[in-house]
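**Q** build me a model from this:
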Amino acid sequence: MKKQSTTVKVASWSAAHPWQAIVGWFLFVALCLGAAAVVGTNSATTEDYRVGRAGQAEALATEGGLERRPVEQVVIDSPSGPLDLDAARAAAADVTTRMEKLSEVDGVKEPVVSKDGKVLVVEVVMKGEELAARKSVDPLVAQTAEVQKSHPDVRVQETGGPSMSKGLDQQRSDDLLFSEMLTLPVTVITLMIAFGSVIAAGVPVLLAMSSIAAAMGLSALASHALPDAGVGNNIILLIGMAVGVDYSLFYLKRDREERARAGGRLGSQAIVQLAAETAGRTIVVSGLAVIVSTATLYLASDVIFSSLATGTIVVVLVAMASSLTVLPALLAKLGARSEHRAARRAEKGKRQRDHGGTSKVWQTMLRPATERPAITLVVSTLVMLALSAPALGLNLSVLGKDTFSRDIPAVQTYDRLTEAFPERLVQHQVVVRADTARSPQVAQALEELGERAQADPLFAKDADVTVRTSEDGLISSMTLSVPFKPSSSQALDSLDRVRDDFLPETVEKVDGAEAYVTGDIARDVDYLDHQNSKLPLIVGFLLLVTFLVTVAAFRSVVIGLIGIVLNLLSAAAAFGLLVVVFQGDWAQGVLDFNSTGAIGARVPLFLFVILFGLSMDYQVFVVSRIREAALRGKDTRTAVLEGIVSSAGVVTSAAVVMVTVFSSFIFLSLVEMKQMGFSLAVAVLLDAFIVRIMILPSALTLLGKASWWPSRGMRQVLSQPPGPTEPVVSELRQTQGTGRL
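**A** You can find the predicted model right below:
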C-alpha cells in the first residue's frame, strides 16, 4: 500500500474528528475578521500610483510643495430659472465661513461666477494627500448640506475628487451586497439540482461564504505589506464564490461516487479518505495553478494589479484550505445521514442513484469529438477563432470620470460644474526643476509656454496660467486647462502638444532644466505605456508557469501544450466578444454603461491571467478523470469518453455557478467591473461547452497514446492488455495508484 499523501492524512483526521475540525474552521474565520478589525486596512496612497514621466512630475511637485491638492468644489446654481447672484453670494459666504472652521480644510478660495452667470463655485482646499482625502470629506459634505437648508432659494451641492471617490466607495459596497443577493439563490438552486439535497447544496455555499469572509480579513492584514487599492474585496467576492463552490463540488462529486461504489461496505470516514485521494489532489493542483498564474500580476509593478493579485491568491488559498480541512468533516457528518437514508431506501426496495454512472446526454454530445475528431476539432477551432477576430481591434484606455455612474450625487454635480466651467475638464500640470540661478529663465519660459497654449485651440483661452515657484526656487509649476472630455482625442492631442512641441520650444531650452507633465491624461498615457512595457514579461512568464504546472500534474508535455493552446483560445474569444459588446455603443442601454469606445486598460491583462488560472480548474478536473480511465487500461477514445462523461455533471454545475457569479458583475455600476464580469462569464461558458466538450476530446482522441508523452507510467499502462472495467474498493484502487502522480 502506498504512502498516504498529506491531503489524505488531513482529510482522515478531519473525518475522524469532525466537530474539532468544524469548530476550528469557524474560529479561524472569526480570528481573521477580528484581526482585520483591529489593524484595519492600509490603503494605497498617491505615491503608490506614480509611474512614468507623470510620476516623476508628481514627485518633483511634492518635493517643492506644489503637488496637486485635494479640492472640493461647492457648486451654487438654480434648479430652475436664472440664478439670483445676490442669493448665491450669500450662500457662498456661508460656505466660506463654515468651511474655514473645519480642521480638515486648509483654505477656501474666492467664489467664481461662470461666464454665463448661471453657476457660482467656491473651491475648498483640503489638508493631507489627494487619495486619503475621501476619508475626511464627510464634514465638508455635511456643512454643504447645512448651507442648502439655510439657503433654499438656490441649489448648493458639492463635488470634487474626494467626494466622488467617497461616492464610488459607497457604490462598490452596495454593488457587493447586490451581487451576493443575486448569486446566492441561483447558486443554491443549481447545487440542489445537481445533488438533490438542500443540505448538500448548502455545504459549498457555506464554505465559499466563510472562505470569502476569512479572505477579506487576511487581505486587510496583507495590505500592510502590499497596500490595498480599493478593489480587493470586489475580487475576493468574484473569485472566492467561484472557486469556493468549485472545489466543494469536486470533493462532493467524488464522495458520492465512492459511496456508490462501496455499496455500504465502507464507513463514512473511509469514503472521505478515498475521495481525498483524488479530489484533494485535484483541488491542490487547480488552486496552485490559479495562484501561480495570478502571481504573475506582481510583475506589472502596479499597485492595482498587486492588490488584485493579493486578493485572488488569498481567497484561493483559503478556499483550498476549507475544502481540504473542514469539508471532509462535514462530509463525514453528512455521510451517516446519507447511509441511514440509503438503508431506508433499500428496505423499501427503491433503487439507489448511481452517482458514478454515465449520462446518455453527454455521450451524445461527445459523439462528434470521439467519432469524427478531425472535423470536430477543425470546426470548433474555427468557431473560436471567429469569435476572437474582433479582439484585433481592441482599444485600451484608462476609464475615468466619463464612465462613472451618474447615479452618484457628486458626479451629477461634477457634470454641472464642468458644463459651466469647461476648462476644469482636463488640466495638465507642467513641473520644472532647475538651479535657483535659472529660476527667472524658467519663469519666463513657462510664461511663453502659457502664451502658446492659450493661442492653441486645444487649450482654454482665458484660464489661469500663473507660474508658481517653490520657496527654494528650485521647482516651478504651471497648470494648463483643456476644455475637452478626458476620453476625447483632443485631450490626448493636447498632452502630445505640450510634451512634444511646447516643452522643447520653451522650458527645455533652459540649461539644466528638467521638465515633466502630469495630470489625469498624463497619468493615463504613462500608465498604458508602463503596462505595455510589462506585458511581454507577464504573458511569457504566465505561459511558462502554466505549462510547467500542467506538466508536473500529468507528467505530459503534450497535455501541457494543449492546455496553453486551449486557454489562449478561450481568452481570445472572450476578448473578441468584449470588444463587440463594450467598445461600441449598441449595448449601452442594455447593460447600463457609457461607452468611451475603449476597454479598461487593466481589464485584458487581469482577465488573461485569471482566465488561465480558472481554466486550469476544468483542465485539471477533466484530464484527471481521463487519466484515471487510462490508468485502468482503457484505450484513449474510451478514456476520453468515460472521463468527460463522468465529470460532465460537476463541470456543468461549476460552470453555471461561475457564470452566475461573474454575470452578476455585469449589473454593477463600475464599467471595468462590468467588463471583467462579462468576459469571465463568456470565457467560462466557451471553456465548458466548446473547449472541454469539443476541442479537448477531439485533440486527445486524434493524438491517442501520444497525448501522455513522455510519461513512462502511462506508456507502460497503455501497452498492457485492458484491465477490469471498474476497480474494486480498497486494495486494487490503491495499488493501481488512481489519481496519483
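
**Q** only C-alpha atoms from now on, for both contacts and neighbour counts.
**A** OK.

**Q** pLDDT score for residue 741?
**A** At residue 741, the model reports a pLDDT of 29.

**Q** ignore what I typed, I meant residue 105.
**A** 96.

**Q** quick check: it touching residue 124?
**A** Yes: counting by C-alpha atoms under 8 Å, residue 105 does reach residue 124; the two are 7.0 Å apart.

**Q** what is in contact with the two at once?
**A** residue 99 (C-alpha atoms under 8 Å, 6 or more residues apart in numbering).

**Q** if you count what's nearby, which of the two comes out ahead?
**A** A direct count of neighbours by other C-alpha atoms under 10 Å for residue 105 and residue 124 places residue 124 higher, at 24 against 21.

**Q** the more buried one against residue 107, yeah?
**A** Yes: using C-alpha under 8 Å, residue 124 is in contact with residue 107, at 6.1 Å.

**Q** if I look at the residue lying closest to residue 280 once chain neighbours are set aside, how far off is residue 554?
**A** Distances taken as C-alpha to C-alpha, 6 or more residues apart in numbering place residue 7 nearest to residue 280, at 5.7 Å, with adjacent residues excluded. Distance, residue 7 to residue 554, using C-alpha to C-alpha, to the nearest Å: 18 Å.

**Q** what of residue 458?
**A** Taking C-alpha to C-alpha, one finds residue 458 at 59 Å from residue 554.

**Q** and those two? Which one has more around it.
**A** Set side by side, residue 458 and residue 554 show more neighbours around residue 554, with 22 against 19, by other C-alpha under 10 Å.

**Q** in what helix or strand does residue 607 lie?
**A** Assigned by DSSP states H and E, residue 607 falls within helix 603-631.

**Q** contact partners for residue 600?
**A** Here residue 600 is in contact with 396-399, 671-672, 675 (criterion: C-alpha under 8 Å, 6+ apart).

**Q** again, only this time at 10 Å
**A** Shown in contact with residue 600 (C-alpha atoms under 10 Å, 6 or more residues apart in numbering): 395-400, 582-583, 671-673, 675-676.

**Q** for the chain, give me the ranges with low pLDDT.
**A** Along the chain, the model assigns pLDDT under 70 to residues 1-3, 335-359, 712-741.

**Q** domain parsing for it?
**A** 1-40+197-357, 71-127+137-166, 377-397+528-725, 409-518 (automatic domain parsing).

**Q** name the element the most centrally placed residue in the chain belongs to?
**A** Nearest residue to the geometric centre of the chain (C-alpha atoms, centre = their mean): residue 235, 4.6 Å. Element membership for residue 235 (DSSP H and E) is helix 232-262.

**Q** report the angle between that helix and helix 603-631.
**A** Here the directions of helix 232-262 and helix 603-631 differ by 10 degrees (axes from the mean of the first three to the mean of the last three C-alpha atoms, to 10 degrees).

**Q** which SSE is immediately downstream of helix 232-262?
**A** Counting by DSSP H and E, what follows helix 232-262 is helix 268-275.

**Q** check which element follows that next one along the chain.
**A** helix 281-295.

**Q** for stretch 113-133, buried residues please.
**A** 113, 118-127, 129-133 (16 or more other C-alpha atoms under 10 Å).

**Q** next one: stretch 319-339
**A** 319-333, 335, 338-339.

**Q** same deal with stretch 435-444?
**A** 438-439, 441-443.

**Q** export it to PDB, keeping only CA atoms.
**A** Output of stretch 435-444 as PDB, limited to C-alpha atoms (Å, rounded to 0.1, in the frame of the first residue of the first chain):
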ATOM      1  CA  ASP A 435      19.100  75.600 -10.400                       C
ATOM      2  CA  THR A 436      18.000  78.500  -8.300                       C
ATOM      3  CA  ALA A 437      20.000  80.800 -10.600                       C
ATOM      4  CA  ARG A 438      18.000  79.700 -13.600                       C
ATOM      5  CA  SER A 439      14.600  80.500 -11.800                       C
ATOM      6  CA  PRO A 440      14.000  83.700 -13.800                       C
ATOM      7  CA  GLN A 441      14.700  82.000 -17.100                       C
ATOM      8  CA  VAL A 442      12.400  79.100 -16.100                       C
ATOM      9  CA  ALA A 443       9.600  81.500 -15.200                       C
ATOM     10  CA  GLN A 444      10.000  83.400 -18.500                       C
END
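
**Q** please enumerate the helices of the stretch 551-700 of the chain.
**A** 557-582, 588-591, 603-631, 636-664, 671-686, 696-703 (DSSP state H, counting those that start in this stretch).
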